[in-house]
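*Asks:* Whatever this is, show me its structure:
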Amino acid sequence: MLRTAPGTSASAPGGDREQASSAPARREWRVRCGDVVNRDRSLTVFVDRNRVVLVGPPGETAVLTAGQLGQLRTALREAAEQAER
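*Replies:* From the prediction side, this is the model:
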């Protein structure tokens, strides 16, 4: 599941994209994952000026399913496009 910061909109892979070009660009994506002992964690991707920042669970290892990996790939692609603007 892609989750975003308040005031932003989410688009899951294959889902609807933002239609209005005047809508504010999303700046943060959250991708649920687990750790090595199956606790719920998340990875956060955000854009800082022209850089993409990936934040993992502090002191943890992020374990992703195939679906979660697809969501991370989408978030990184969208963040990279955003950073290039």
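*Asks:* Give me the contact list for stretch 44-51.
*Replies:* For stretch 44-51, contacts defined as Cβ atoms under 8 Å, 6 or more residues apart in numbering pick out 27-31, 52-55, 72, 75-76, 79, 82-84. The C-beta positions use only the backbone N, C-alpha and C, and glycine is treated the same way.
*Asks:* any idea how far the residue of the chain positioned farthest from its centre is from Pro57?
*Replies:* Most distant residue from the mean C-alpha position of the chain: Val37, 22.4 Å away (Cα atoms, centre = their mean). According to Cβ to Cβ, to the nearest Å, Val37 stands 12 Å off from Pro57.
*Asks:* Okay, and the residue nearest the centre of the chain sits in which element?
*Replies:* Taking Cα atoms, centre = their mean, the centroid of the chain lies closest to Trp29, which sits 2.9 Å from it. Trp29 belongs to strand 28-34 when assigned by DSSP states H and E.
*Asks:* What's the first helix or strand after that strand?
*Replies:* strand 40-48.
*Asks:* and that following strand, which strands flank it?
*Replies:* The strands beside strand 40-48 in its sheet (DSSP bridges) come out as strand 28-34 (antiparallel), strand 51-55 (antiparallel).
*Asks:* so which of those gets nearest Leu64?
*Replies:* Taking Cβ to Cβ, strand 28-34 is the member of the strands paired with strand 40-48 nearest to Leu64, at 4.8 Å.
*Asks:* Now do the buried residues in that closest one.
*Replies:* For strand 28-34, burial by neighbour count (16 or more other Cβ atoms under 10 Å) applies to 28-34.
*Asks:* What mean pLDDT does stretch 34-54 get?
*Replies:* For stretch 34-54, the mean per-residue pLDDT is 94.
*Asks:* which parts of that stretch are buried?
*Replies:* Under the neighbour-count criterion of 16+ other Cβ under 10 Å, stretch 34-54 has 34, 41-47, 52 buried.
*Asks:* Endpoints of it, how far apart?
*Replies:* By Cα to Cα, to the nearest Å, the extent of stretch 34-54 from end to end equals 16 Å.
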